[in-house]
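> quick one, what's the 3D model for this:
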Amino acid sequence: MNRNQVKSAYLWGGLGQSVTDFGLLVKFKLTLLVLFSAVMSYAIVGKGNVSWSGMILLTLGGFFVTGAANALNQVLERDYDRLMPRTANRPVVTGRMSVSSAVLLAGLMALLGITLLTVFNPLTGFLGTLSLISYAFVYTPMKRTTPLSVLVGAIPGALPLIIGCVAYEGYISSTAFMLFTLQFLWQFPHFWAVAWVADDDYKKAGFYLLPSKNGEKDKTTGLLSFIFCLLMVGNATAGYFMGELGLLAMLVLNTLNLYWAWYCWKLYKTCSGAAAKRQMFISFMHLPFSLIVILLDRLS
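The predicted structure follows:
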């Protein structure tokens with residue numbers, strides 16, 4: 001291999017690593033889930049009658065705001081991330097990206113993302129700003145002090161559904177509230193299952209995220225997860241009586257909610273890692289499937 005080939009390979013290798021590090025910095029997979037929620041709520045309130053330009057604008061604005069929040073989260077938690085094997089390879093932790101570079105990227109993404117969301121209307125831009133600030137500067141520092149951080153984090157976690165609705169409608173409608181409540185409630189059995197599975201890892205960094213009194217693996221997690229699944233049954237039923245859902249959509253959603261509740265009950269009864277993993281895997285399917293059901297209901 002001659003000198004030019006070596007130089008080219010080095011440049012392409014460096015570019016590839018930079019792209020990988022950017023993906024890690026913005027937590028690309030998590031960001032995609034956030035974008036899916038926002039875009040789906042936008043399509044739901046628009047009953048499928050949405051413009052491609054609006055979808056692209058919402059996707060870009062949501063990506064940059066979410067990416068900024070995740071980047072700031074990694075800057076603030078860099079000393080704790082290095083203690084956990086699953087986060088020890090993040091770019092700020094390893095030094096592949098400096099703190100100043102990560103903060104600069106976060107600032108640029110925040111500015112661009114909020115600007116793009118404000119193109120829809122000022123309320124959309126405000127909600128994007130609220131989501132970023134509450135996630136990075138309220139939820140993130142609370143994770144080491146109290147399990148109530150899950151409650152606080154569920155608010156910015158569910159705001160993308162309101163943001164998508166407000167981007168289309170310009171105000172917070174009953175549909176926006178129903179969708180927000182769906183994802184707000186969904187996060188508790190989802191995150192507690194994740195926290196159970198990754199409990200040893202989290203404790204290395206001083207994160208005690210399970211809802212029991214001492215943050216231990218006990219029946220509290222399964223019982224509260226079960227209760228939140230029942231609250232989702234109530235949300236879907238209320239949506240039907242409010243005229244937000246058709247009868248078939250309500251029945252499908254509640255079948256899914258009760259199916260998930262059954263496995264949360266199993267975690268309550270067994271306190272086993274297998275039950276927690278099952279609860280977690282069902283959660284990955286639950287939210288996207290629920291939003292698709294609601295969208296199809298609106299299109300019918």
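> which regions of the protein lie under the pLDDT threshold?
In the predicted model of the chain, residues 1-14, 215 satisfy pLDDT under 70.
> could I get the full set of helices for it?
For the chain, the helices defined by DSSP state H cover 3-25, 28-45, 52-76, 78-81, 91-94, 99-118, 122-133, 140-142, 149-169, 174-197, 199-204, 219-241, 247-270, 273-299.
> touching the second one from outside, list them.
Residues external to helix 28-45 that are found in contact with it (CB atoms under 8 Å, 6 or more residues apart in numbering): 50, 54-55, 58-59, 62-63, 66-67, 70, 160-165, 167-169, 173, 175-176, 179, 183, 287-288, 291-292, 294-295, 298. No exception for glycine: its C-beta is placed from N, CA and C like everyone else's.
> quick one, which of the residues you listed are buried?
The neighbour-count criterion (16 or more other CB atoms under 10 Å) marks 50, 54-55, 58-59, 62-63, 66-67, 70, 160-165, 167-169, 173, 175-176, 179, 183, 287, 291, 294-295, 298 among the contacts of helix 28-45 as buried.
> does residue 134 touch residue 157 like I think?
No: the criterion here is CB atoms under 8 Å, and residue 134 misses it with residue 157 at 9.6 Å.
> leaving out sequence neighbours, find the closest residue to residue 132.
residue 69 (4.6 Å; CB to CB, 6 or more residues apart in numbering).
> so how many other residues sit close to the one you found?
28 (other CB atoms under 10 Å).
> what sits against it?
With contact set as CB under 8 Å, 6+ apart, residue 69 has these partners: 131-132, 135-136, 156.
> ok, residue 134 and residue 157, which is more surrounded?
Per other CB under 10 Å, whichever of residue 134 and residue 157 has more neighbours is residue 157, with 24 against 18.
> can you get me a residue count around the nearest residue to the more buried one once chain neighbours are set aside?
If you skip the residues right next to it in sequence, residue 157 has residue 187 as its closest partner in space, 5.1 Å away by CB to CB, 6+ apart. Residue 187 is flanked by 20 other residues according to other CB under 10 Å.
> cool, and residue 60?
Taking other CB under 10 Å as the criterion, the count of residues near residue 60 is 15.
> is it in contact with residue 116, as I believe?
Yes: applying CB under 8 Å, one finds residue 60 in contact with residue 116, separated by 5.5 Å.
> okay, buried residues for stretch 143-163 please.
143, 147, 149-150, 152-163.
> among these, which pair sits farthest apart?
147 and 163 (26.7 Å; CB to CB).
> where do the contact lists of residue 134 and residue 157 overlap?
By CB under 8 Å, 6+ apart, no residue touches both residue 134 and residue 157.
> isn't residue 235 up against residue 179?
No: with contact defined as CB under 8 Å, residue 235 does not count as touching residue 179 (9.6 Å).
> quick check: the gap between the residue nearest to residue 132 and residue 157.
From residue 69 over to residue 157 the distance is 10 Å, taken as CB to CB, to the nearest Å.
> what do these two both touch?
Common neighbours of residue 69 and residue 157 (CB under 8 Å, 6+ apart) are residue 135.
> got the domain boundaries for the chain?
1-172, 173-300 (automatic domain parsing).
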